[in-house]
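Enquirer: I need the structure of the sequence given here:
(2 chains)
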Amino acid sequence: MDQVLQNFISVLRESGVPVSISETLDAAHALEIVGYGDRKVLKDSLGSSLAKSAREREVFDRCFDQYFTLEMPSVETASDRCGESAQTEFPLSPLSRMLLVGDTPGLIASMFQAARRANLESLRYPTQKAFFAMRMLDTMGSGELDRDIAQLGESGSPLPLKISADLADARRSLFESIIKFIEDRFEMLSNGTYNHLIEDYLRNSRLTHIEERDLHRMHAIIQKMVKRLNDLHSRRKRTARRGMLDFKRTLRKNITYEGYLFVPAWKTKKIERPDIIVICDISRSVSRLVRFFLLFLYSLNREVARIRSFVFCSNLTEVTEYFEKYPVEAALAVIQNGAGLDILMGRTDYGRALQDFRENGMDSLTRNTTVIILGDARSNFSDPRPDILRSISQRCKRLLWMNPEVPTFWGTGDSEMYRYSPYCTLLQECNTLNHLERIIGSLLRH
Amino acid sequence: MNSALDPKFTEIDQISEGYRAAGYICNRSIATTLYLAHHLGKPVLVEGPAGVGKTDLAKTMAAYLELPLIRLQCYEGLDESKALYEWKYGKQLLYTQLLKDKLDRIIDPEENLAESMEKLHRYEDVFFSKKFLEPRPLLKALEQAEGAVLLIDEVDKADDEFEAFLLEILSDFQVSIPEIGTIQPGTHPYVFLTSNSTRELSEALKRRCLHLFIPFPDASLERDIVRTRVPGISGRLEIQLVTFIQQIRQMDVKKPPSIGETIDWARVLLLLHANDLNPDLVRETLHVILKFEEDIRIVSQNIFTMTDISVRSAGN
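Expert: Prediction:
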């Protein structure tokens, strides 16, 4: 396939347009049909086969303009300063000759060739720029150029000296042009890579360590994960809704018509959405995690039937109404600072919290309820009351416990994790976004 | 798709001219995509705001090629039985009941069970033949011997699952009906899918289509459209009203006026024998182009300056 097109597609991919192989083939076919003759037609043809949404089209347009640029890298030459006679008298290297004569097209061609040889398309990090510049210069023959300059400089007579100085000037400007050329390429190539790197890092770093400035990025990632989960599960649910001929019901229904099968009846399936109760520890050690978890959970409202949320520190209180009244972000802010809530932000007391839950929330547990507890199970040596947790676990469908601590710390000091763990359907370490996604994903898969 | 030598598809400009003759003004990028769609044999996924002529694009294609247009309107809950084919269950059941006596005659009372079954097997295809098949749009489009233009309208309104089902048809242009076999058309239909982006379509579907995004037209294109659709309009008025509409689209309104509404407005102004826009006239006819009370209020506030700019743009 056309190398130019292939490189262009890899630029597109790097910039965040997911181009599949079949689309690449389409583009290649389209190219065969329309050719490179008309820039506008080429752009439209490639655009309609490669970019598949308005957003992608925007990226595509930008990349296309950058990539198929008519703007050639400018190269300043020494032609105006030096006579042509010089080159006939002295044995000069091709590069020096081009610089002296001012053969701009030749220089540009040699620059592109050098870029290809140096494999400039693999440029990813800003620190690589100098390396690629050196490589390109080498390929273009800068070694011979240096030698020419040195030899002419040693000769002592005025003409070679002048040529030598001119060449040194030209070398400097050539170097600048190459750097500029690389900078442009870098801008185009590295667009997406950086974001991928940061996103990967954020997904796997501990939620408690994420800095304020990365929060908006986190939200964007969460939105992306939510969308993925939504897509995944809405598709599955819809399948369950599909009807087929229900033979038994058809027979039964048609008894009225003396057994003549007249009215067909269809199979239908009820959509089952999880009913969730969340109990969150909002003491300082866990609050970050709670924030992200609730953000995640409430964004999923399409897939989840009903969420009741409780938060606790020294005692427990219900916060469901805040999520009904305010948008998720605002509700989270209220919960985070605890102001106006009927809650004591003293020492965390798991026993007391469970006791409160037994009084307020126990009656809403049904066979379909999933209870999720977020907390480090550090109860400051008060009675953890595992008996209440047992009765909760007996009444609900599933009891998930998410612990932000790494498993090695469970059960050390005041951690009561192992006294609670027998009653948990699933006990999981949870301190990165990836953990969160996995757990919530399993929540939606019944 | 159809033969690559189809005289109607040899040049890109030819398509735009053919469309123009049919009353649809398309710019070069639309024509390029149609040209490619023909030569690559791919469906076209058309996206864009409401009322920019996505549906008309397919209709005009049908008119241009003189092929039947078969339209499938998508909605939530649409499934195979509504889109592809359905067995006429009622008819099947009725026939089995009516033919009960016939069955008695076919089956000899003297025979044993195995022999009767053997006899019945010979007739089993009777009830699953084309006579009991109700073709829906997709099947109809495949059955056209001369080819057809298939318009799958507002595909984003259908369920994800239906989308997945479309994939088979869009990539192979064939469907299999278990009882009858695979139906393969002699000529591939031209397929257009339109979407208002109410939800993101699946990657797999997008991959199989060429993508065409139709934005609101720029002023000169829109003037061209108005001139074609409302032939009686004076040059002055046409420039003024298009400038006015273009200004509204720049504003923060709930529903920017579509091309259809521009044309309606032009017709209304023509009926009122208007030669120039003036604030009163605009205020009285504003509901033709704006469909929300709030939008009308926003535009009314700036009506004087906007009319002024429009009138000036037409010169004296």
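
Enquirer: which pLDDT value belongs to the residue of chain A positioned farthest from its centre?
Expert: Most distant from the centre of chain A: A:Ser157, at 63.5 Å, with distances by C-alpha atoms, centre = their mean. Note on A:Ser157: pLDDT of 78.

Enquirer: same question for B:Leu69.
Expert: 93.

Enquirer: flag the shaky bits of the chain, pLDDT-wise.
Expert: If you meant another chain, say so; for now it's chain A. A:1, A:69-90, A:189-198, A:207-213, A:228-243, A:268-274, A:300-305, A:337-338, A:444-446 (pLDDT under 70).

Enquirer: my bad, chain B
Expert: For chain B, counting by pLDDT under 70, the residues that fall below are B:1-5, B:124, B:316.

Enquirer: that one: strands as residue ranges?
Expert: For chain B, applying DSSP state E gives strands covering B:44-47, B:69-73, B:85-87, B:133-135, B:149-153, B:175-177, B:181-183, B:190-195, B:210-213.

Enquirer: how about those strands, which one is nearest chain A?
Expert: strand B:210-213 (4.4 Å; C-beta to the nearest C-beta). For every residue, glycine as well, the C-beta is placed using N, CA and C.

Enquirer: before we move on, back to that, now for the strands of chain B, which one comes closest to A:Leu100?
Expert: strand B:210-213 (50.6 Å; C-beta to C-beta).

Enquirer: now for the closest one, which elements pack on it?
Expert: With contacts defined as 3 or more C-beta pairs under 8 Å, 6 or more residues apart in numbering or on different chains; DSSP states H and E, strand B:210-213 has these neighbours: helix A:39-50, helix A:54-67, helix B:28-40, strand B:44-47.

Enquirer: switch the cut-off to 6 Å
Expert: In terms of contacts (3 or more C-beta pairs under 6 Å, 6 or more residues apart in numbering or on different chains; DSSP states H and E), strand B:210-213 is packed against helix A:39-50, helix B:28-40, strand B:44-47.

Enquirer: still on that earlier bit, could you check how far the residue farthest from the centre of chain A is from A:Leu365?
Expert: Between A:Ser157 and A:Leu365 the computed distance is 100 Å (C-beta to C-beta, to the nearest Å).

Enquirer: what do you get for A:Ser391?
Expert: Counting by C-beta to C-beta, the gap from A:Ser391 to A:Leu365 is 9 Å.

Enquirer: of those two, who's got more company?
Expert: Set A:Ser391 next to A:Leu365 and count neighbours by other C-beta atoms under 10 Å in any protein chain shown: A:Leu365 wins out with 22 against 14.

Enquirer: in what helix or strand does the nearest residue to A:Ser364 once chain neighbours are set aside lie?
Expert: Take A:Ser364 and drop its neighbours on the chain: the residue closest to it by C-beta to C-beta, 6 or more residues apart in numbering or on different chains is A:Arg308, 6.5 Å away. A:Arg308 belongs to strand A:306-312 when elements are defined using DSSP states H and E.

Enquirer: tell me which residues form a beta bridge with B:Leu69?
Expert: For B:Leu69, the beta-bridge partners are B:Val149 (DSSP bridges).

Enquirer: what parts of the stretch 51-200 of chain A come near chain B?
Expert: Selection of the stretch 51-200 of chain A residues close to chain B by C-beta under 6 Å from any C-beta of the partner chain yields A:52, A:54, A:57.

Enquirer: setting aside sequence neighbours, what's the nearest residue to the second one?
Expert: Read it as A:Ala54. B:Phe213 is the one closest to A:Ala54 (C-beta to C-beta, 6+ apart), at 5.4 Å.

Enquirer: I figured the one you found was touching A:Arg57, is that so?
Expert: Yes: if you go by C-beta atoms under 6 Å, B:Phe213 and A:Arg57 touch, sitting 5.5 Å apart.

Enquirer: neighbour count: the two, which is higher?
Expert: Taking neighbours as other C-beta under 10 Å, B:Phe213 and A:Arg57 compare with B:Phe213 leading, 23 against 20.

Enquirer: ok, what's across the strand from that one?
Expert: Residues in beta-bridge contact with B:Phe213 (DSSP bridges): B:Glu47.

Enquirer: related to what we said a few turns ago, okay if I get the strands of chain B as JSON lines plus distance to A:Ile108?
Expert: Listed next are the strands of chain B as JSON lines, based on distance: least, C-beta to C-beta, whole Å:
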{"stretch": "strand B:44-47", "distance to A:Ile108": "39"}
{"stretch": "strand B:69-73", "distance to A:Ile108": "52"}
{"stretch": "strand B:85-87", "distance to A:Ile108": "61"}
{"stretch": "strand B:133-135", "distance to A:Ile108": "61"}
{"stretch": "strand B:149-153", "distance to A:Ile108": "48"}
{"stretch": "strand B:175-177", "distance to A:Ile108": "55"}
{"stretch": "strand B:181-183", "distance to A:Ile108": "56"}
{"stretch": "strand B:190-195", "distance to A:Ile108": "44"}
{"stretch": "strand B:210-213", "distance to A:Ile108": "34"}
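
Enquirer: residues near B:Arg297, how many?
Expert: Other residues close to B:Arg297 by other C-beta under 10 Å number 11.

Enquirer: could you pull out the helices in the stretch 151-300 of chain A for me?
Expert: Using DSSP state H, counting those that start in this stretch, the helices of the stretch 151-300 of chain A run over A:158-204, A:215-241, A:247-253, A:287-299.
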